[in-house]
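In: Sequence isn't available, so here's the structure alone:
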Ligand SMILES: Cc1ncc(C[n+]2csc(CCOP(=O)(O)OP(=O)(O)O)c2C)c(N)n1
Ligand SMILES: Cc1ncc(C[n+]2csc(CCOP(=O)(O)OP(=O)(O)O)c2C)c(N)n1
Ligand SMILES: [Mg+2]
Ligand SMILES: [Mg+2]
């Protein structure tokens, strides 16, 4: 036929399971065990409380600029719940819920925002990448990891996260396309929180959904309610099953909302209305999950209080540990290369002299750089 | 509904009008006048003959590496036919047919391949960009030009060309997305010639068509037979009408084939079969258009012979003009900045001395750099 | 005359150029309603509207490449990379096209754009927000590379950059954004691009610096004078490329001694170029080796320890004393 | 011992490392069946198959970023940018990630990859195919920058680059790809990264060069000896960063005179760094200003006139004579 519509073989769907009142659609409910549900609830709450604590620490000048993830906890926690230990988790910067779930020591997270490389030194035995600042660059790392797994015959899956803004970057495109070509075990989760700092979602792309971008790469996608822990689990599980059985990549658009500031350096009042934020509050993933847990009798006020107390203590201890951390500025020289070349060793000596002079000069206490064997 | 397929508002179609026997579908035929048809035929033949001549010049060492466009003439000529003089034409490197149609002096094209900036110095009064080498980078320029036109209230449209390989670059993605957001008068023509040097189309992207990539950006697209001058004209005209009436961008996938080498530095025998090439020969746009012209009585052998003779002479003269061209190497200094800063002027003096020494040293004839007032 | 911070001075310059020339426009992430993450474009969206102060998607190559198109169409974009650490995403557009359009088309097309980027350490920012990579731009032929050191020259150099017929990469030292105020004349002024300034005249040693390092350099000069009886001449490069050899060498030929100061890593940093030019033209005037007080050849650390990696007046004083007592 | 061109020597090195280490793989545009546009990977696809010699889509950031992921997963990719002029597309991945993974994770993750890129002028290639931009890589902490000058060191340095636990940008002088043959030992050899070589011993003047410029430099040295009675020592840097100050300065302290030669533009080029290091350490040995014979600060022209812009032996001889007779 000389003129005809083109049929697209790939499917995109939208999914939501838990409503604002905390009712789960029985046909779609992933039917988790009470233990699982309680663990998930606690994890979501933990992430929320840690965010709140970090906001206070920032105001007190005890950490630097901080970007909270409030309102987006389900979007990363759902997929984290689905990940196996050997799967790879490639975060952006709004996935503390998933990081905690994956076993990151909380003090590392605190220290990342406190300006310490220690916070990026991924715990041994955990297949995760550290927080990634340059938007969408991590998508290519995830594709590379997924490809590496495939080449090695390792059944692990790479779970990659980015924001709605990140979809505009070339690196997102190049990663998605590559993952499609090689049919990689690659799951890309877009946390569409409707804002990229001050740019609203509809100015980021004319595409009515972000999930439809998967069509450009020839694979499937699903738009899930990102504030619905069940929808996120189901979407991620289907994607993971597909990836594990050689079915290739999946794009998941998690429709969520950034309830707070972009970072503590940001003032959202300049660009968005309070009404919009109010509208989203009832959809808060924690509120909804809480309603569900109470409604199903898995939690009551007393149980929640207990969890809150435990969490408060856990956070208190982590802050304490974090604030005891003493960096060694020589580490910058030590970890530039596996071995220090002579010209860098000369810089290291210069640095040591400068540190010594600084301490003797102004009498202030400076971190004690450990001498280097090779400097 | 908790789980449902997502409906896409945008339309993608495929279009072909002229068949391999030179029959045009009467319902879709753009009904050009005999004069227009003859002009188009001559233009297509001119581009083909120039390509052939450039291949010979390359073998004789009279120009450098050359990338022919044989087999792809209709894909750029169709859109060029639709462009108005004030529209902007942003080529890649396989659009000599369109360049000639737009009025580029043939010697400039020859001199571009001959290693002279003169070949990139766009004729005054023509809204075109020169040949662009870094794949897909020109897409952003086209988007910027389209935006500039829109901001200035200028009804011009930007026509941008790239290859199937180019669609993998981040810049293609960023340009398409931006054009969508601002609903720009931007037409992007992918010349899908099935190869990016040695990478076949199906290894470039898993998407079954390239046109479907427009869905990622929220606008319409059409897959046209790129070896069919009529399909290309109709597709481009619809896109241009949409652009001119504020309807935003269009993606056109021109399905064509690179009949020749990637460039004269390339040996396609290493990676593709002769059978594949043979398969495509009957679809050659020039062959099909020729059949149409003969069938409809617009041309006969004598007429074609006359055109061939005219073209041969035109090319001969252009080569002669091109080979008379004398570059001034000082132009590199002259055109680095509007005004030459003192440190560059010092380099220019050094250069002049070196040129003088070179001429006196080896007695060979060197281009005579004109002295600079400011050097 | 008003006393302004650098942010205010840059804002003033942008307001002036938007008023002056209807073909100018501002394009970058969050430059609109938000006024820029550092507030450099504050209020401009309200005054000039959404067609002249335009928010970009999160895509830096897009910002630069679209700006090329705008230039070709006759506009004069002032684009912003939110942090210089993300300007690398646009490196290919700037190398492949911005720097070349004039020469490859023999002047038929040009790219009179300004690429603003906040750079450098010292504000306790997160990873990737603290580098100084001026070398990579200064090395590219066809580009100019400008770095102001204070409110007054920030305003005057940014105006000049916009008026320049060629592309200018304009690094803004974010550590100096709000660190101090300076008198900025009410009447618009442009400082010439390609000219260094003698920020403090002196006779015993020449200290060459620019950007955020100028303040510790001037402090060092004061201390050298007060405590060590050394009269340092301080040169503020202002333009990294094309570099003003004349002003540098004239000073060296007077003082015979030099120290170069910058935050960028040492290897192939602008300081190397300063030294090389001195050695080519004024070697025989040198009475002591030249010292480079610079960033070390390491990645700028996360902010908890970054301050030890930024040249401070102490290191500059020590180097100048070494050079003078050589 | 076989006499090989540089292309053959590089091919040999790649074949060796693919045989040696099953975790290595080659990834780049047209490296597979096509054997690379310069035939450096010829035959490797046939020997090692499509999982170890892999064609990339036309997307350079993809090549580099995916290679980061491969490294994190324990592989050792050797990636190719088809021409250095398109390596800029990957600059952000290399700056933001390749150079930093070790330091930011304190050694938990590393990027032991090699980024091969043909660079430089002299083969009558089209626009964007003839630049020398080693500075932009040499300036980045955490990266090593290596440039061979002939078949033997090309093979030995590429092997060493692959064996290096850190990322190496490996520029290949395409003008030298087939220009001459050299004996390459049958037994594998690695040359140390970070070490310069004395390519020709001498006593009157030190000429420091690398890559494609080494040949005209050696020609110049011959001419200086034969026609001008000047005995030049030639140093082949081999590694641009980390630079081997020791070898350079030891030579200067012997000869007292220096010329630096490279094709890259002069401003902030590697030559500036060489001069700066000499001035820091060996200034008092210098008997004449140092001369830089380099590319000019212009865009490398299209090929019809490019040869006038590449340092040739004539310019080197003239500079060396000036320096010696100063
Ligand atoms: C490559 C790059 N460009 C710009 C920035 C500055 N920046 C940080 S976050 C952000 C917005 C990102 O928006 P989105 O992807 O939607 O993520 P969100 O912040 O909403 O989670 C920008 C522009 C950056 N970090 N990296
Ligand atoms: C950014 C960039 N990367 C690589 C190249 C080298 N190169 C030139 S043409 C080409 C293939 C392009 O394929 P396609 O876009 O399909 O265009 P075609 O050559 O088929 O017309 C490549 C990789 C380039 N010119 N630019
Ligand atoms: Mg967002
Ligand atoms: Mg193609």
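Out: On my side now, so go ahead. In this text the structure is predicted, and so the values were computed from the model without any measurement. Residues are numbered from 1 along each chain as shown, chains lettered A, B, ... in the order given. Ligands and ions are numbered 1, 2, ... in the order given.

In: any idea where the strands of the chain begin and end?
Out: Assuming you mean chain A. A:3-5, A:12-15, A:88-90, A:158-163, A:186-192, A:195-196, A:199-200, A:220-225, A:250-255 (DSSP state E).

In: if you could check chain C rather than the one you did, that'd help
Out: C:2-4, C:24-28, C:53-55, C:76-80, C:114-119, C:144-146, C:168-173, C:182-184, C:197-200, C:205-209, C:232-236, C:239-241, C:258-265, C:291-295.

In: would you turn those strands into JSON lines with mean neighbour count and distance to residue A:294?
Out: Bear in mind the C-beta positions are built from the backbone N, C-alpha and C, glycine included. Output for the strands of chain C, formatted as JSON lines (neighbours: other Cβ atoms under 10 Å in any protein chain shown; distance: least, Cβ to Cβ, whole Å):
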{"stretch": "strand C:2-4", "mean neighbour count": "15", "distance to residue A:294": "56"}
{"stretch": "strand C:24-28", "mean neighbour count": "24", "distance to residue A:294": "47"}
{"stretch": "strand C:53-55", "mean neighbour count": "24", "distance to residue A:294": "42"}
{"stretch": "strand C:76-80", "mean neighbour count": "26", "distance to residue A:294": "48"}
{"stretch": "strand C:114-119", "mean neighbour count": "26", "distance to residue A:294": "48"}
{"stretch": "strand C:144-146", "mean neighbour count": "27", "distance to residue A:294": "61"}
{"stretch": "strand C:168-173", "mean neighbour count": "27", "distance to residue A:294": "52"}
{"stretch": "strand C:182-184", "mean neighbour count": "17", "distance to residue A:294": "60"}
{"stretch": "strand C:197-200", "mean neighbour count": "18", "distance to residue A:294": "67"}
{"stretch": "strand C:205-209", "mean neighbour count": "29", "distance to residue A:294": "64"}
{"stretch": "strand C:232-236", "mean neighbour count": "26", "distance to residue A:294": "66"}
{"stretch": "strand C:239-241", "mean neighbour count": "28", "distance to residue A:294": "63"}
{"stretch": "strand C:258-265", "mean neighbour count": "29", "distance to residue A:294": "55"}
{"stretch": "strand C:291-295", "mean neighbour count": "26", "distance to residue A:294": "56"}
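
In: Of these, which is nearest residue D:316?
Out: Among these, the nearest to residue D:316 by Cβ to Cβ is strand C:239-241 (25.2 Å).

In: And for residue A:323, the neighbour number?
Out: Applying other Cβ atoms under 10 Å in any protein chain shown, we find 14 residues neighbouring residue A:323.

In: Now it: closest residue in space that isn't a chain neighbour?
Out: Of all residues not flanking residue A:323 in the chain, residue A:62 sits nearest, at 7.2 Å (Cβ to Cβ, 6 or more residues apart in numbering or on different chains).

In: tally of neighbours for that neighbour?
Out: 15.

In: Next, the contact list for whatever residue of the stretch 1-150 of chain A ends up closest to ligand 1, please.
Out: Ligand 1 sits closest to residue A:135 of the stretch 1-150 of chain A, with a gap of 3.7 Å, by Cβ to the nearest ligand atom. Taking Cβ atoms under 8 Å, 6 or more residues apart in numbering or on different chains, we find residue A:135 in contact with A:92, A:162-163, A:165-166, A:169, C:58, C:86.

In: what do you get for residue C:27?
Out: So residue C:27 contacts C:54, C:56, C:63, C:66-67, C:70, C:77-80 (Cβ under 8 Å, 6+ apart).

In: now, which of the residues you listed sits nearest residue A:15?
Out: Once Cβ to Cβ is applied, the member of the contacts of residue C:27 that ends up nearest residue A:15 is residue C:56, at 32.0 Å.

In: between the strands of chain A, which gets nearest to ligand 3?
Out: The minimum distance between ligand 3 and the strands of chain A falls on strand A:158-163, with 3.6 Å, by Cβ to the ion.

In: Need the strands of chain A in TSV (columns: mean pLDDT and distance to residue A:297).
Out: Formatted as TSV, the strands of chain A follow (pLDDT from 0 to 100; distance: least, Cβ to Cβ, whole Å):
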stretch	mean pLDDT	distance to residue A:297
strand A:3-5	92	52
strand A:12-15	96	26
strand A:88-90	98	32
strand A:158-163	98	32
strand A:186-192	98	31
strand A:195-196	98	37
strand A:199-200	98	40
strand A:220-225	98	24
strand A:250-255	98	28
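
In: Redo those strands as CSV? Include distance to residue D:186.
Out: Listed next are the strands of chain A as CSV, based on distance: least, Cβ to Cβ, whole Å:
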stretch, distance to residue D:186
strand A:3-5, 63
strand A:12-15, 58
strand A:88-90, 42
strand A:158-163, 42
strand A:186-192, 43
strand A:195-196, 58
strand A:199-200, 61
strand A:220-225, 53
strand A:250-255, 50
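
In: Mind putting these into TSV with distance to residue A:238 and mean neighbour count?
Out: Shown next, in TSV, are the strands of chain A (distance: least, Cβ to Cβ, whole Å; neighbours: other Cβ atoms under 10 Å in any protein chain shown):
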stretch	distance to residue A:238	mean neighbour count
strand A:3-5	28	12
strand A:12-15	9	20
strand A:88-90	18	27
strand A:158-163	13	30
strand A:186-192	10	29
strand A:195-196	27	24
strand A:199-200	30	19
strand A:220-225	7	26
strand A:250-255	7	28
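
In: Which one of these lies nearest to residue B:53?
Out: Short answer: strand A:3-5, nearest of these by Cβ to Cβ, at 37.1 Å.

In: If I look at residue 230, what pLDDT would I see?
Out: Using chain A here. Turning to residue A:230, the model gives it a pLDDT of 98.

In: Actually, chain C is the one I wanted.
Out: pLDDT, residue C:230: 98.

In: Next one: it from residue C:204, what distance?
Out: Using Cβ to Cβ, to the nearest Å, we find residue C:230 at a distance of 5 Å from residue C:204.

In: The lengthiest helix in chain A and chain C, any residue contact?
Out: Taking DSSP state H as the criterion, chain A has its longest helix at helix A:34-59. No: if you take Cβ under 8 Å from any Cβ of the partner chain as the test, helix A:34-59 misses chain C, and the best it gets is 10.5 Å.

In: List the buried residues in that helix.
Out: For helix A:34-59, the neighbour count (16 or more other Cβ atoms under 10 Å in any protein chain shown) marks A:37-38, A:40-51, A:53-55, A:57-58 as buried.

In: by contact count, what packs against it?
Out: helix A:73-82, helix A:96-101, helix A:106-113, helix A:285-295, helix A:301-324 (3 or more Cβ pairs under 8 Å, 6 or more residues apart in numbering or on different chains; DSSP states H and E).

In: Tell me which of those is the most buried.
Out: helix A:73-82 (a mean of 29; mean count of other Cβ atoms under 10 Å in any protein chain shown).

In: For burial, what's the neighbour tally of the residue of the stretch 1-150 of chain A found nearest ligand 3?
Out: For the stretch 1-150 of chain A and ligand 3, the shortest gap (Cβ to the ion) falls at residue A:94, measuring 8.1 Å. Residue A:94 has 25 neighbouring residues, counting by other Cβ under 10 Å.

In: Kindly report the same for residue C:48.
Out: Neighbourhood size, residue C:48 [other Cβ under 10 Å]: 20.

In: Which residues are in contact with it?
Out: By Cβ under 8 Å, 6+ apart, the neighbours of residue C:48 are residue C:18.

In: Next: residue A:264.
Out: Applying Cβ under 8 Å, 6+ apart to residue A:264 gives the contacts A:55, A:58-59, A:65-67.

In: of all these, which two lie farthest apart?
Out: Taking Cβ to Cβ as the measure, those reach their widest spread between A:59 and A:67, a distance of 14.3 Å.
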